[in-house]
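S.K.: Pasting the sequence and the predicted coordinates here, then a few questions.
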Amino acid sequence: MSIENDTADFPTVPDTTGGDGRSDAPILEARHLRKYFPLRGVKLFGSKSVVHAVEDTSLALYPGRALALVGESGSGKTTIARLLARLYEPTSGSILFREKPVQGSFGLKEYRRHVQLVFQDPFSSLNPVHDVRYHLGRPLRIHGHVRKSIQEREQILTLLRRVSLSPAEQFITKFPHQLSGGQRQRVAIARSLATRPNVLLADEPVSMLDVSIRLDVLNLLLRLKDEEHLALLFITHDIASARYFAEDTLVMYAGQSVEGGPSEEVIQQPRHPYTRLLISAAPDPERLGPDGQKAAPLPARGEIPSLIHPPSGCRFHPRCPHAMEICRQRFPGRTDLGGGHWTHCFLYGEGGTGQVG
């Protein structure tokens with residue numbers, strides 16, 4: 001079946017959000033995703049070695065809400081986004097869009113109309129030989145939103161105004177090299193909006209921008225989330241940004257999800273030692289130690305492990321100051337902490353012996 005002609009039906013679901021903004025059913029859901037990347041020409045004991053990029057990760061995105069995916073570089077955040085965007089196929093697990101399983105190439109074009117990805121690097125995500133009109137007009141034409149040139153121009157101008165690029169008439173003829181980093185990222189966001197998506201996957205959308213304009217782009221995404229009722233995945237290594245931006249937070253380490261729940265709960269009452277390490281590394285002038293002096297960050301205790309030969313059990317145990325023997329033997333089950341807050345840690349269940357002090 002040709003992808004270009006594939007128009008599988010994804011029925012519209014009525015708005016069933018409650019008072020907290022969460023709908024009864026997620027619009028996009030991942031269940032027990034795993035992704036292994038084989039290494040060419042590398043074999044271990046007669047079998048090919050693989051990179052264990054994502055291990056048994058589940059998440060759900062709801063209309064009008066943002067989920068922050070937080071972790072160090074190499075933790076699997078971008079791989080998750082590309083799995084959800086269907087740039088990669090999962091090794092195992094399933095992806096559901098509006099409670100309908102998504103498999104293979106079936107419905108790929110229609111799926112990507114509803115689920116769009118904003119890449120991290122605005123300097124490489126735009127083609128340098130094409131102007132802004134081409135970048136925004138192409139998705140409009142591919143997905144049948146325009147038929148005439150005058151319609152295309154009007155909708156492109158509208159898109160530019162929605163991402164605060166004004167006067168829009170001056171930007172429509174510009175090439176990427178004539179734009180600043182922030183302007184390029186706004187064009188990339190406008191290109192994603194051109195398909196009229198329900199889900200926006202933002203892969204560290206501000207990490208390559210000047211500090212002075214990061215907040216503007218974050219506020220733009222928040223405004224679009226509220227106005228368009230978008231389900232938004234916000235990928236970041238900055239847990240402070242997650243608290244500002246997202247209602248919910250999921251913390252990942254070396255391909256494993258270790259803690260999640262409402263952002264305020266996860267950041268104010270972190271339970272997993274890795275989450276505590278992330279928070280201690282974030283600048284906070286108000287964080288004080290027991291003596292009233294500025295608290296020192298927790299020791300890093302090494303680096304993220306190799307995902308070709310990952311540690312057994314909980315992958316954080318070589319760096320964890322609270323590691324027990326059972327942590328080396330198997331990955332802990334999920335412990336619900338109340339209020340939607342949960343963690344995978346033996347300190348709180350599955351044979352735990354105490355609390356983190």
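M.R.: Okay, I see it. Numbers count the residues shown, from 1 in each chain.

S.K.: mind saving the C-alpha coords of stretch 144-156 as PDB?
M.R.: Extracted in PDB, the C-alpha atoms of stretch 144-156 (Å, rounded to 0.1, in the frame of the first residue of the first chain):
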ATOM      1  CA  GLY A 144      -5.200  18.600   1.400                       C
ATOM      2  CA  HIS A 145      -5.800  21.700   3.400                       C
ATOM      3  CA  VAL A 146      -5.400  24.000   0.400                       C
ATOM      4  CA  ARG A 147      -6.200  23.800  -3.300                       C
ATOM      5  CA  LYS A 148      -5.300  27.200  -4.600                       C
ATOM      6  CA  SER A 149      -2.200  29.400  -4.300                       C
ATOM      7  CA  ILE A 150      -4.200  32.300  -2.700                       C
ATOM      8  CA  GLN A 151      -5.500  29.900  -0.100                       C
ATOM      9  CA  GLU A 152      -2.000  28.600   0.600                       C
ATOM     10  CA  ARG A 153      -0.600  32.100   1.000                       C
ATOM     11  CA  GLU A 154      -3.400  33.100   3.400                       C
ATOM     12  CA  GLN A 155      -3.000  30.000   5.600                       C
ATOM     13  CA  ILE A 156       0.800  30.500   5.700                       C
END
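
S.K.: which parts of stretch 126-138 are buried?
M.R.: In terms of neighbour count (16 or more other C-beta atoms under 10 Å), stretch 126-138 has its buried residues at 126, 131-133, 135-137. (C-beta placed from N, C-alpha, C; glycine too.)

S.K.: where do the helices sit along this structure?
M.R.: 77-84, 108-114, 132-142, 149-162, 168-171, 181-193, 211-228, 239-245, 263-268, 273-281, 325-329 (DSSP state H).

S.K.: right, so of those, which gets closest to Val251?
M.R.: When those are compared by C-beta to C-beta, helix 273-281 sits nearest Val251, at 5.0 Å.

S.K.: Send over that closest one as PDB, restricted to the C-alpha atoms.
M.R.: The C-alpha coordinates for helix 273-281 follow below in PDB (Å, rounded to 0.1, in the frame of the first residue of the first chain):
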ATOM      1  CA  PRO A 273      17.400   8.700  44.100                       C
ATOM      2  CA  TYR A 274      18.000   9.600  40.500                       C
ATOM      3  CA  THR A 275      15.200  12.200  40.500                       C
ATOM      4  CA  ARG A 276      16.800  13.600  43.600                       C
ATOM      5  CA  LEU A 277      20.200  13.800  41.800                       C
ATOM      6  CA  LEU A 278      18.600  15.600  38.900                       C
ATOM      7  CA  ILE A 279      16.900  18.200  41.200                       C
ATOM      8  CA  SER A 280      20.100  18.700  43.200                       C
ATOM      9  CA  ALA A 281      22.000  19.500  40.000                       C
END
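
S.K.: In contact with the nearest residue to Asp56 once chain neighbours are set aside, which residues are there?
M.R.: Of all residues not flanking Asp56 in the chain, His32 sits nearest, at 5.3 Å (C-beta to C-beta, 6 or more residues apart in numbering). Neighbouring residues of His32 by C-beta atoms under 8 Å, 6 or more residues apart in numbering: 56-58, 92-94.

S.K.: again, 7 Å this time
M.R.: Applying C-beta atoms under 7 Å, 6 or more residues apart in numbering to His32 gives the contacts 56, 58, 93.
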